[in-house]
Structure formats: structure tokens, C-alpha cells
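Novice: Mind folding the following:
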Amino acid sequence: MINTLANVTKEGSIAIIHLDHPPANTLSSASIENLRRIFQELAEDEETSAIIMTGTGRFFVAGADIKEFVSAFGQQEKALQMAQAGQALCDEVEAMKKPVIAAINGPSLGGGLELALACHFRIASKQAILGLPELKLGLLPTFGGTQRLSRITNQATALQLILTSKQLSADEALQLGIVQLVTEPEELLMTAKTVANSFVEGKSMTSVSRTIECVIQSTKANFQQGLELERTRFAELLLTNDAKEGVQAFIEKRQPHFKHC
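Specialist: Residues are numbered from 1 along each chain as shown. Just a heads-up that it's a prediction; the model follows:
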């Protein structure tokens, strides 16, 4: 699966998306549509269990392609379409039922940070810089940044970071829970692969996918609705062959052999 704006490689059941839109991997309308197609294909690919997304070159993603905004001046409908496209990409990433890991290799700003926030797990190189600088342009984060950052941190922290346009180091982002791990630059991709394997190795994808769904939906529903979804997915799992195999293997003190069905 080779694309002009992102290259996808496979290592076993792990797909690695290499963002490749020089010089700064900006999210143009073309690259957004390209990424949406990639994620849609990977969602249907039964041989893919986990996904890593990282940048090619010095940047993860420097942000949206600001030059494209010029064509939307004075055109509300076009501006809405641009925002909706970016939100749709981030929504699709977050809704993936396979673990998606952002391996943030360098600056991740504006739409780039919003894309990373939509991933299920974030690992940053010590060279990474993270921030939402849109207010300096007279704009605001519009690919979901105002919503996801406040969910991942808290309302006050999200407001502070967005209103000040503060750029965070990897270690500062770690302290705020925006990223979960910080690595040396040369260890970033290997660490991401290790984490991806830990999420899916020895697991049934029937339970992995439902678990991701339950956790992600918890931010969009009230507590009782979340509990209802949780027990519904649990009951569904007890109808699967993998659940029978997993429980039987535990009883027999052996490793399970899942067939993901």
C-alpha cells in the first residue's frame, strides 16, 4: 500500500503509517483524504491488528496547510467543509477498533497534535514539541483539539494551553498525560512496536476491538450508558469461539490459541 503522501509498511500484524508530505508533513486537504482512505483500508484488513503512525523527516505533523485557508476567507461553507474533513479524519482514527499509536518523532503542532490526540496511545521522542498555536493566527483548533485536549487533561489545562499557545516539550507533555511515554529519538519506533505488540500479542481481536470501543465511548456517553455497552459487549464475547478457548486454556493452564472469531 504505497501513497504519495503517506507510506504504509507492515511488520507482522503491525501496520506503520509513515507520514510523508515534505517539508513538514502538513495536513493538506489531499493528505487528509489520503489518510482517511488508509485508515479505512486498515480497518478492513484482517491481517492488521495494530497501527503505528509516525512522521518522515524532522516533523511529525507541523499542522494544517495554512495556505489552503486563504481560499476560505469570507466563505463560511468552505470553511465548514475544511473543518469537517479534519474532524472526520480524527474521528475515524479514534473510532478504530484496532490500537492506534502515535509515534511523535518531532514537532506536532496544530492539526498535527489534534491528529495525535485522536490516537489511542502517544509516544514522543525527546525531540518532539507539542502545541496548539491556532490563536496566534486568529483561529482556533478545529480538528477536535478543543474537545480531546480537555478530555485528556482537564478543562483548565486545555484552556491554558490553547489560550497561551504554549509549546510543550515531550517531558512536559508526559507530565500532563498528553503522551504516555518519552524515548530517545533512535528508540522511538522500536518502543512503539513493543507497545503495539503488548496490546495485541496473545490477545483475541474480538475482545481487543470491543474493549477499545467501550473505553472510547465512555467519553461520549453517561456512566449508565457506558455500563450498558460494556455488559452488551461482554455478553457478545461469550458467544465467540475465542472466549471459549481463552477460558478453557486458563482452566487447563496452557496458552490459548485464538482465531479471532
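Novice: alpha carbons only for contacts and neighbour counts from here, please
Specialist: Noted.
Novice: neighbours around residue 256, how many?
Specialist: The number of residues packed near residue 256 is 19, by other Cα atoms under 10 Å.
Novice: ok, which stretches of the stretch 101-250 of the chain are helices?
Specialist: Using DSSP state H, counting those that start in this stretch, the helices of the stretch 101-250 of the chain run over residues 111-118, 145-152, 155-164, 170-175, 188-200, 205-217, 223-237, 241-251.
Novice: Using PDB, write out every CA atom in the first one.
Specialist: When you say that, I think you mean helix 111-118. C-alpha atoms of helix 111-118 as PDB (Å, rounded to 0.1, in the frame of the first residue of the first chain):
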ATOM      1  CA  GLY A 111      -3.700  19.800  13.400                       C
ATOM      2  CA  GLY A 112      -0.800  17.500  13.900                       C
ATOM      3  CA  LEU A 113      -1.300  17.500  17.700                       C
ATOM      4  CA  GLU A 114      -5.100  17.100  17.100                       C
ATOM      5  CA  LEU A 115      -4.400  14.000  14.900                       C
ATOM      6  CA  ALA A 116      -2.100  12.600  17.700                       C
ATOM      7  CA  LEU A 117      -4.800  13.200  20.300                       C
ATOM      8  CA  ALA A 118      -7.200  11.100  18.300                       C
END
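Novice: now whichever helix in the chain runs longest against helix 111-118, angle please.
Specialist: When the chain is parsed with DSSP state H, its longest helix is helix 76-95. Relative orientation of helix 76-95 versus helix 111-118 (axes from the mean of the first three to the mean of the last three Cα atoms, to 10 degrees): 40 degrees.
Novice: Going by neighbour count, which residues in helix 76-95 are buried?
Specialist: Of all the residues in helix 76-95, those buried under the rule 16 or more other Cα atoms under 10 Å are 82, 85-95.
Novice: Where does pLDDT dip in the stretch 1-150 of the chain?
Specialist: Along the stretch 1-150 of the chain, the parts satisfying pLDDT under 70 run over 1-4.
Novice: related to what we said a few turns ago, please identify the most buried of the helices of the stretch 101-250 of the chain.
Specialist: The highest mean neighbour count among the helices of the stretch 101-250 of the chain, using mean count of other Cα atoms under 10 Å, belongs to helix 111-118: a mean of 27.
Novice: That's all I had, so thanks and see you.
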